[in-house]
Every structure is written in structure tokens, then in C-alpha cells.
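> Give me a model of this one.
(chains A and B)
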Amino acid sequence: MAQYLFLTLAALSILSALGMVFSRNPVHSVLLLIFTFFCIAGQYVLLNAQFLAVVHIIVYAGAIMVLFLFVLMLLNLNKDTEPQKSTIWRITAGIASGMLLVTLVGALRGGLQVAVPENANVEVGLVENLGQVLFTDFVVPFEIAGILFLAAMVGAVLVGKRDIKA
Amino acid sequence: MLEIVRTVPIDYYVYLSTILFVIGVFGVLTRRNAIVVLMCVELMLNAVNLLLAAFSTYLSDAQGQIMVFFIMVVAAAEAAVGLGILVSIYRNTKSTDISFLDNLRN
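Down below sits the predicted model:
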């Protein structure tokens, strides 16, 4: 059962990612990317990382992609007339990324010996366990992430302002 | 042990993440709309996130999933600043086509 779910979600996510790259209309790209993110959230649920799945939906589908959609609508770019790169450039990019795929798969194929621990803790992805680790071992990076968010917020406001009085 | 750990080898997750990452690279190389390029970067980040979460579950080690949270933090900050920059570029050039952004070339 789990492997069929995995294969279905994997096929759907790959197809919608391809659709995102190839669709002419940026709004369709955004919607297909949101669908890809939902498929990835399904993978997280399969991996018993429920908290990660919920945070993924909230942060990506709820915040980041809405921001993208909002900017697209604000700039009025929801047209099908996006200029394309030249055919030779597209073929070159296809060959280059195909080579990257072949290289990565060839380098990683068969070399993975993951020893699953016998007394594996199935509840590693639940809120209690993650919070325990986050607020003990990773409390300094957590605080630094807060500072990063503050800096990003200030930077976004500063960049977005129309004219800055000196 | 989880059913997924018994029935799906970790290699499948590696292949899935690799394919998603390569689709993101292809999108960055071929698209001309800067917003779609940023979206492709998000897709690449997500491919890496998926692999980190998969290894975290297979090794039953929570640190991988914590790392996914920090990647999400960086992605959110990047999206906010990147879109802010894009809006201000659009205000100056009236387009988000990355082919026109070659002012530093000469």
C-alpha cells in the first residue's frame, strides 16, 4: 500500500513540476507548483513526518506561493505571451540538465547502504520529539533564524519603498 | 518499523529528489520570467528538503527534519527579498524579463 502511494505521489509531483516548467502562463506555473508542494507534503505524511507536512503546507502553499501569485497579479503578468529563449538555448539547457541527471543518478546508484536501526523510533517526526531537539540542541540556530527573518523583513521593506528620503 | 521504510528503498527517494532538482535546474536555465525562475529555485530547495526528511525518517534521527525547518526559513526570507527586488526592478524597467538585466555587462 505504502509503495503504491509513494509511486503515485512521485509521478504526480514530477508531472506537475514538468508542467510548471513548460507552461507559458506564469499563473499556471504557480498553481502547478502549489500542486507539486501538496504532493511533497503527502510524501512527508508517508514518512511519518506529520508536523513537517503541516508546516510545509502552511509555509509554502499558504505564504510563499500566495506571495508569488500576489506579485504576479500586481505586476499584471498573467498573460500567455511570455517571450521564450531561443531554441538552441533550450536544447543546450536540456542537454546540460540531462547530463546533470545522469551524473547524479550514476554517482548515487547502488552506493547507498542505509542501515535502518533495529530499535527505530517511529515517532521521530512528531511535534514533541522535534520540539525537544529544536529547543535543546538547535536553540542557537533557532535564534539566528529569528534575526535572519528580521533582516529579511527590513530588507524587503527597504527595497520595496518607492523613494527613500536621504 | 514504518511500512514505508520496509517497502520503499531509500534509493527511490534519492531518484525522486534528483529528478525534481534537475527539473528545477532546467527551469532556471530556460525560463525568462524572473518570477518563474525564483519558483524553480523553490522547487530545487524542496527536492533537497524531501531527501533530508527521507533520510531523517529512515535513520530515525530528528536532526534532518530540523534542517528542513531552517531551509524553509531561508526559503521564506529569500522569497520575500527576491520578490521585493523584482517589484523594484519592474518599476524601473517595466518588465521582469531576465534577458534585459545585463546592465553590469558593459
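> Assign A:G110 to helix, strand or coil.
The three-state label given to A:G110 by DSSP: H, G, I helix; E, B strand; the rest coil is coil.
> burial measure for it, as a count.
Here the number of neighbours of A:G110 (other Cβ atoms under 10 Å in any protein chain shown) works out to 7. Yep, even glycine has a C-beta here, placed from its N, CA and C like the rest.
> before we move on, what about B:F70?
For B:F70, using other Cβ under 10 Å, the count is 16.
> what does A:Q132 give?
By the criterion of other Cβ under 10 Å, A:Q132 has 11 neighbours.
> what helix or strand is it on?
Assigned by DSSP states H and E, A:Q132 falls within helix A:127-134.
> which other residues reach that helix?
Helix A:127-134 has contacts (Cβ atoms under 8 Å, 6 or more residues apart in numbering or on different chains) with A:51-52, A:121, A:123-124, A:142, B:62-63, B:65-66, B:69.
> didn't B:L50 look like it was pressed against B:I19?
No - using Cβ atoms under 8 Å as the test, B:L50 is too far from B:I19 to be in contact (10.9 Å).
> Comparing the two, which residue is more hemmed in?
Neighbours were counted for B:L50 and for B:I19 using other Cβ under 10 Å; B:L50 has more, 25 against 19.
> ok, that one to chain A distance?
Separation of B:L50 from chain A (Cβ to the nearest Cβ, to the nearest Å): 6 Å.
> which ones are touching that residue?
Applying Cβ under 8 Å, 6+ apart, we find B:L50 in contact with A:40, A:43-44, B:13, B:16-17, B:20.
> Check the residue nearest in space to the middle of chain A and give its pLDDT.
Residue closest to the average C-alpha location in chain A (Cα atoms, centre = their mean): A:F37, at 6.3 Å. For A:F37, the model assigns a pLDDT of 95.
> does the closest residue in space to it that isn't next to it in sequence count as helix, strand or coil?
The shortest distance from A:F37 to any non-neighbouring residue, by Cβ to Cβ, 6 or more residues apart in numbering or on different chains, is to A:Y60 (4.6 Å). When classified by three-state DSSP, A:Y60 comes out as helix.
> ok, how many other residues are close to A:Y60?
Counted with other Cβ under 10 Å, A:Y60 comes out at 26.
> just checking, it touches A:F38?
No - A:Y60 lies out of contact with A:F38 (Cβ under 8 Å); the separation is 9.1 Å.
> Identify the farthest-apart pair in the contacts of B:L50.
Using Cβ to Cβ, the two most remote members of these are A:Y44 and B:L20, lying 14.0 Å apart.
> could you pull out the helices for chain A?
For chain A, the helices defined by DSSP state H cover A:2-22, A:26-46, A:50-56, A:65-74, A:87-108, A:127-134, A:139-160.
> Nearest to B:E42, out of these?
Here helix A:26-46 is closest among the helices of chain A (Cβ to Cβ), at 7.1 Å.
> Longest helix in chain B, please.
Counting by DSSP H, the longest helix found in chain B is helix B:63-93.
> pLDDT averaged over that one - what is it?
Per-region confidence: helix B:63-93 scores 90 on mean pLDDT.
> do it and chain A meet at all?
Yes - residues of helix B:63-93 contacting chain A under Cβ under 8 Å from any Cβ of the partner chain: B:63, B:65-66, B:68-70, B:72-81, B:83-88, B:90-91.
> So which elements touch that helix?
The helices and strands touching helix B:63-93, judged by 3 or more Cβ pairs under 8 Å, 6 or more residues apart in numbering or on different chains; DSSP states H and E, are helix A:50-56, helix A:65-74, helix A:127-134, helix A:139-160, helix B:34-58.
> how about a cut-off of 6 Å?
Packing partners of helix B:63-93 (3 or more Cβ pairs under 6 Å, 6 or more residues apart in numbering or on different chains; DSSP states H and E): helix A:139-160, helix B:34-58.
> any idea which of those is most buried?
Of all the helices and strands packed on helix B:63-93, helix B:34-58 carries the top mean neighbour count, a mean of 22, counting by mean count of other Cβ atoms under 10 Å in any protein chain shown.
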